[in-house]
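K.L.:
coords please:
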Amino acid sequence: MYTTVQFIHSWWAYLVVIMLIIASFNAIIGTVTKKEYGATNFRIALFTLIVSHIQLLIGLLLYFIAPYFRMFGEVGMGGVMKDSTLRLYNVEHPLIMILAIVLITVGYSKHKKKLTSTPKFKTLAIFYTLALILVLSRIPWSAWF
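P.N.:
Just a heads-up that it's a prediction; the model follows:
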């Protein structure tokens, strides 16, 4: 089960990163060019929110069935924090990814309350770009390629 969930989590991450890139650039371009916010822009933002939340659920399942999680019981928190690989998989990656999804969720919620196009795009640009930076900073690149 672990390898199946890990496989899904790894491949779904490509979709999340692609959607975050598309949504961030769409919002930045919309802010800079002052274009009208339309249904396509709404769908891009919503789809990014949905795929990131699905990734969160897959990631939480993976977290609790992964062999790295059992290391807490074997070496304790001090041992996890001393080992860079264990620290990445048990602390840094989950924490930063949850923070990124919180930013996506807050940005999406805030942008819906704006009445005009420029503030909508600006809100999405800020929150989604910050989330993209966080996601890219904590992807375990050595395991991903």
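K.L.:
pLDDT (mean, whole number) over stretch 121-137?
P.N.:
Throughout stretch 121-137, pLDDT has a mean value of 96.
K.L.:
which outside residues touch that stretch?
P.N.:
Residues outside stretch 121-137 that contact it (C-beta atoms under 8 Å, 6 or more residues apart in numbering): 16-17, 20-21, 23-24, 26-28, 30-31, 35, 37, 41, 45, 48, 52, 96-97, 99-101, 103-104, 106-108, 110-111, 114. From N, CA and C alone the C-beta is placed, and that goes for glycine too.
K.L.:
Which members of these are positioned in strands?
P.N.:
Using DSSP state E, the subset of the contacts of stretch 121-137 located in strands is empty.
K.L.:
Could you tell me which of the residues you listed belong to helices?
P.N.:
16-17, 20-21, 23-24, 26-28, 30-31, 41, 45, 48, 52, 96-97, 99-101, 103-104, 106-108, 110-111 (DSSP state H).
K.L.:
Need the buried ones from the contacts of stretch 121-137 selected in PyMOL.
P.N.:
In PyMOL syntax, the buried subset of the contacts of stretch 121-137 is picked out as below (16 or more other C-beta atoms under 10 Å):
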select buried, resi 16+17+20+21+23+24+26+27+28+30+31+37+41+45+48+52+96+97+100+101+103+104+107+108+111
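K.L.:
Check residue 52 and give its pLDDT.
P.N.:
At residue 52, pLDDT is 97.
K.L.:
dump the residue contacts of it.
P.N.:
By C-beta under 8 Å, 6+ apart, the neighbours of residue 52 are 16, 19-20, 100-101, 104, 131.
K.L.:
same thing but 6 Å
P.N.:
16, 101, 104 (C-beta atoms under 6 Å, 6 or more residues apart in numbering).
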